[in-house]
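In: Kindly generate the corresponding structure for this input.
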Amino acid sequence: MAEKVDSKAAWMENLIHEFISTSPHNTMQNDAADPAWDTALVGFASGADPIWQQYKEYVGAFHWTPWEVFNQHCPEENASAEQLTVISWILPQRQQVRTTNRRARTYPSEEWARIRVHGEAFNAELRKHVVARLEASGHAAVAPMLAPNWTIVKSARFSYASSWSERHAAHAAGLGTFGLCDGLITARGKAMRAGSVVARIAIAPTPRPYADHRAYCLYFADGTCGKCIDRCPARAITEAGHDKEKCRLHLVRSREHVKKAYRFEGYGCGLCQVGVPCEAGIPVKAAREALERGELPPPPPPLA
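Out: Below is the predicted model of the structure:
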């Protein structure tokens, strides 16, 4: 049984990597026809993992568990939570894109804005591709972010929250922990986008190599850093965390800049994801080394 589960995980990883390397959708749509992405990190989480209920209780009743979103859109399957696997992936930003956005001070570089629009369009195609290949192999599946009833909710606790969060799915699948700016810090850093699919398939969960949901952030690990505070042009990040409304308003303003400066319809920012220690890796040495050894890192000390 373990061999079959491992083969399904390898099949899924190869499927994702192959689509990245061969799909015509993988483009920044610039004059050089540069690819949007060149690699991915892939992880898996059980639909019965208690973390999904913890999310629901913490975020709100509107936040889906894998069982809820799957049975809403695949009702004929009548699957249990134990029969479901969440397939999650991280698309790390390419060095070219990170380098140009590192020089930005107020609005995103053209490359970053192109990734926000065309790179995410590819991510949507990747979700569709994974669902289609799973279904063709007899495994019912749904991409929560593409579900017609996916929505953003005005939340008293979080300002804005959604029916499904790709970053939280990736955290559940062992792919990263959160930073001061709410970004997900992965083994390839915080400059990334994420995607996921929920499927009726048996794949062994990826072990979560962290016990704390902020284990990879220097600020929470030892009280240092906070570089994302200085990088934010909207002053939306402070030691108290991330102000989503300030962030949202800056993204709205960025549309005019992108249209005027780069002459296409787009938007973005991402300045807090580059020019920081967690841009392209895990800056907390103990956590990074524990990940390499396949161990849990030591818990961070309490902040003074």
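In: Can you tell me the centre-most residue of this structure?
Out: Ala194 (3.0 Å; CA atoms, centre = their mean).
In: What does that residue show for phi and psi?
Out: In terms of degrees, to the nearest 10, the main-chain angles of Ala194 are phi -130, psi 160.
In: again, but for Ser196
Out: Dihedral angles for Ser196 - degrees, to the nearest 10 - are phi -160, psi 160.
In: Could you tell me which residues make contact with it?
Out: Each residue near Ser196 by CB atoms under 8 Å, 6 or more residues apart in numbering is listed here: 86-89, 127, 143-145, 164, 166, 169-170, 173. Using the backbone N, CA and C atoms, a C-beta is placed for each residue, glycine as well.
In: what does Glu120 give?
Out: Arg193.
In: Compute the distance between it and Pro144, please.
Out: 15 Å (CB to CB, to the nearest Å).
In: can you pull out the helices in the stretch 151-300 of the chain?
Out: Secondary structure of the stretch 151-300 of the chain (DSSP state H, counting those that start in this stretch): helices at 166-172, 218-222, 227-231, 244-262, 285-293.
In: contacting residues for Val131?
Out: Applying CB under 8 Å, 6+ apart, the residues contacting Val131 are 141-143, 197, 199.
In: Tabulate these in JSON lines, adding columns for distance to Gly47.
Out: Below are the contacts of Val131 laid out as JSON lines (distance: CB to CB, whole Å):
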{"residue": "Ala141", "distance to Gly47": "12"}
{"residue": "Val142", "distance to Gly47": "12"}
{"residue": "Ala143", "distance to Gly47": "15"}
{"residue": "Val197", "distance to Gly47": "12"}
{"residue": "Ala199", "distance to Gly47": "9"}
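In: which of those residues sit farthest apart?
Out: Using CB to CB, the pair of the contacts of Val131 lying farthest apart is Ala143 and Ala199, separated by 9.7 Å.
In: Among the two, which residue is more densely surrounded?
Out: Legend: neighbour count by other CB atoms under 10 Å for Ala143 and Ala199, higher for Ala199 (30 against 24).
In: ok, now how distant is the closest residue to the more buried one other than its chain neighbours from Val198?
Out: Leaving aside its sequence neighbours, Ala199 sits nearest to Ala141 (CB to CB, 6 or more residues apart in numbering; 3.8 Å). Counting by CB to CB, the gap from Ala141 to Val198 is 7 Å.
In: ok, now how distant is Gly294 from Glu13?
Out: 18 Å.
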